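> Give the three-dimensional model of this entry:
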Amino acid sequence: MLKVQNVSVWRDTAQILFDIDLHVDKGEIVCLLGPNGAGKSTMMNAIIGRLSQKTGTILLEEKPITHLRADQLVRHGMALSPEGRQVFAPLSVYENLTLGAYARPRSERHAVKKDLEWVFELFPKLKEREQQQAGTLSGGEQQMLAIGRALMSHPRVLLLDEPSLGLAPKIVSEIFDTLQQLGQQGITILLAEQNARMAFKVAQRAYILSEGKIITTGRTEDLVQDPSVQQAYLGV
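From the prediction side, this is the model:
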C-alpha cells in the first residue's frame, strides 16, 4: 500500500532524514519507533506532503505521490492524525469530525453519515461530547477526536503520529485497543511511536529510527527478543 524509497529530508540546510526505505503492506500495522528527535514526525510529514525539501520516491499503491500536497493525498486515500492532536479548539466535536470528510464528494453524504456513526462506536466518549468545544476536552479525548477526524476521510492508509504522547496509561491502553480493532477491520496503518511496549502489541513489523536513519527492522515478535531492543526501548 505504501512504499518509501531512499527518502532524505531537509529543514532549511539541516538534513533530518537519511536514505529511508520502508513499506507497509495492505491491512498491515507497521510501527516507526524511536526516541524523541529521531525523525519520526519528519518522516510522517514528508509522507503526507507537508514537507517539500525531500528527495527519493514515495508510492501509494505503486503510484508516485512524492510531490503531492497533503490535501491531494487525502483525496488519494491517505490521512494523518498529527503529533499534538491539533484539533480545531473553538469548534465542536461534531464539527471537527465533519471537517475530516471535507474532501469527500457530496454523493457520499450517506456514507459520511455512516462513518460518523462508526467513529462514535469506536470512541463512545466523543458521542457523549458531540456538541462540546474540542478545546475543552481532555488530552485523551482530543487524541480520540484527532484519530476520528482522520478516519472520517475514509482512508486506505492511516498515519498516526505519537498517539500516546502525554496521555495517562489507561487512556493509552484504550486508544491502542481501538487501533487493534482498526487493524482487524483491514485499515493499513503506519504508527510513529515512542511507547515500544504498546506499539509492539498492535504492530506486525517495526522500523527503529535513530538520528534520522533506520538502524533496525523486523517483525515485532522477533524484535521483542532482541537484547539491544529490550534494553533501549523495553526497559529490560
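> Which of the helices or strands spans the most centrally placed residue in the chain?
In the chain, the C-alpha nearest the mean C-alpha coordinate belongs to L160, at 1.2 Å (C-alpha atoms, centre = their mean). For L160, the host element (DSSP states H and E) is strand 157-161.
> roughly how far is the next helix or strand after that strand from the heart of the chain?
Later in the chain than strand 157-161, the nearest helix or strand by DSSP H and E is helix 169-184. Distance, stretch centre to chain centre, for helix 169-184: 13 Å (C-alpha atoms, centre = their mean, to the nearest Å).
> Which strands and helices lie in contact with helix 169-184?
Other helices and strands packing on helix 169-184, by 3 or more C-beta pairs under 8 Å, 6 or more residues apart in numbering; DSSP states H and E, are helix 109-122, helix 139-151, strand 188-193, helix 196-202. The C-beta positions use only the backbone N, C-alpha and C, and glycine is treated the same way.
> Could you identify which of the ones you listed is most buried?
Of these, the one with the most neighbours on average (mean count of other C-beta atoms under 10 Å) is strand 188-193, at a mean of 25.
> That one pairs with which strands, and in what direction?
Strand 188-193 has the following sheet partners, assigned by DSSP bridges: strand 29-33 (parallel), strand 157-161 (parallel).
> pLDDT on that strand, on average?
Averaging pLDDT along strand 188-193 yields 96.
> Least confident secondary structure element in the chain?
helix 227-233 (a mean of 84; mean pLDDT, DSSP states H and E).
> roughly how far is that helix from the heart of the chain?
That offset, for helix 227-233, works out to 24 Å (C-alpha atoms, centre = their mean).
> Next, the buried residues of that helix.
By neighbour count, with 16 or more other C-beta atoms under 10 Å as the criterion, the buried positions of helix 227-233 are V229, A232, Y233.
> so how far is A206 from the second one?
Meaning A232. Using C-beta to C-beta, to the nearest Å, A232 is found at 12 Å from A206.
> what do you get for R149?
Using C-beta to C-beta, one gets 26 Å for the distance from R149 to A206.
> so what's L165 up against?
By C-beta atoms under 8 Å, 6 or more residues apart in numbering, the contact set of L165 is E83, G84, Q194.
> Tell me the one of those nearest A168?
Q194 (15.4 Å; C-beta to C-beta).
> one step back: so can I have a markdown table of the buried residues of helix 227-233 showing distance to D222?
Below are the buried residues of helix 227-233 laid out as a markdown table (distance: C-beta to C-beta, whole Å):
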| residue | distance to D222 |
| --- | --- |
| V229 | 9 |
| A232 | 15 |
| Y233 | 14 |
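> got the contact list for the residue nearest to M144 when sequence neighbours are not counted?
Spatial nearest neighbour of M144, excluding adjacent residues (C-beta to C-beta, 6 or more residues apart in numbering): F123 at 4.2 Å. By C-beta under 8 Å, 6+ apart, F123 lies in contact with M144, L145, I147, G148, T178.
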